[in-house]
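K.L.:
The following block contains a protein sequence and its predicted model.
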Amino acid sequence: MVRYFDEQLDNNDVLEQIWCEWNRGSGKESQRFLNTQTRSLSVGDVVSIQEGGSGGPSKHYVCEAVGWDELDENPPRASAIDNGVSILL
């Protein structure tokens, strides 16, 4: 799934916003999340943030029990799919 932000946000702000939009009970759930009736983000889910437009580099973050951890390498595609939601921003 692809999501574009109209404003300049740092990666921590993007991750926080995605967390709120894709978790039941946050009070800030996105309409897309509600419409698809998928599960909330969970530990092990990966969010990919593409910086600087369509040709920019991507950084990948795995959801931890508390916060996010940046992955040093591109996550294997199968792993991202198996673990749940993968969002390209």
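P.N.:
Yes, it's here.
K.L.:
Any figure for the gap between residue 37 and residue 31?
P.N.:
12 Å (CB to CB, to the nearest Å). C-beta coordinates here come from the backbone N, C-alpha and C atoms, glycine included.
K.L.:
just residue 70 next, same as before
P.N.:
For residue 70, the distance to residue 31 - CB to CB - is 29 Å.
K.L.:
So between the two, which is more surrounded?
P.N.:
Between residue 70 and residue 31, counting by other CB atoms under 10 Å, residue 70 is the more crowded of the two (11 against 8).
K.L.:
which non-adjacent residue is nearest that one?
P.N.:
Take residue 70 and drop its neighbours on the chain: the residue closest to it by CB to CB, 6 or more residues apart in numbering is residue 61, 5.5 Å away.
K.L.:
And the one you found, how far from residue 45?
P.N.:
On the measure of CB to CB, residue 61 and residue 45 end up 9 Å apart.
K.L.:
same check, this time on residue 59
P.N.:
Using CB to CB, residue 59 is found at 15 Å from residue 45.
K.L.:
Could you check which of these two has the larger neighbour count?
P.N.:
Neighbour totals were compared for residue 59 and residue 45, and residue 45 leads with 20 against 16 (other CB under 10 Å).
K.L.:
Model confidence for that one, exactly?
P.N.:
What the model reports as pLDDT for residue 45 is 91.
K.L.:
Next, it: phi, psi?
P.N.:
Main-chain torsions, residue 45, degrees, to the nearest 10: phi -70, psi 150.
K.L.:
Please report how far it lies from residue 18.
P.N.:
10 Å.
K.L.:
Next: residue 61.
P.N.:
In this view, residue 61 and residue 18 are 9 Å apart by CB to CB.
K.L.:
Give me the common contacts of these two.
P.N.:
residue 47 (CB atoms under 8 Å, 6 or more residues apart in numbering).
K.L.:
Identify the residues contacting the nearest residue to residue 29 once chain neighbours are set aside.
P.N.:
Nearest non-adjacent residue to residue 29, counting by CB to CB, 6+ apart: residue 21, 6.2 Å away. By CB under 8 Å, 6+ apart, residue 21 lies in contact with 28, 29, 30, 32, 33.
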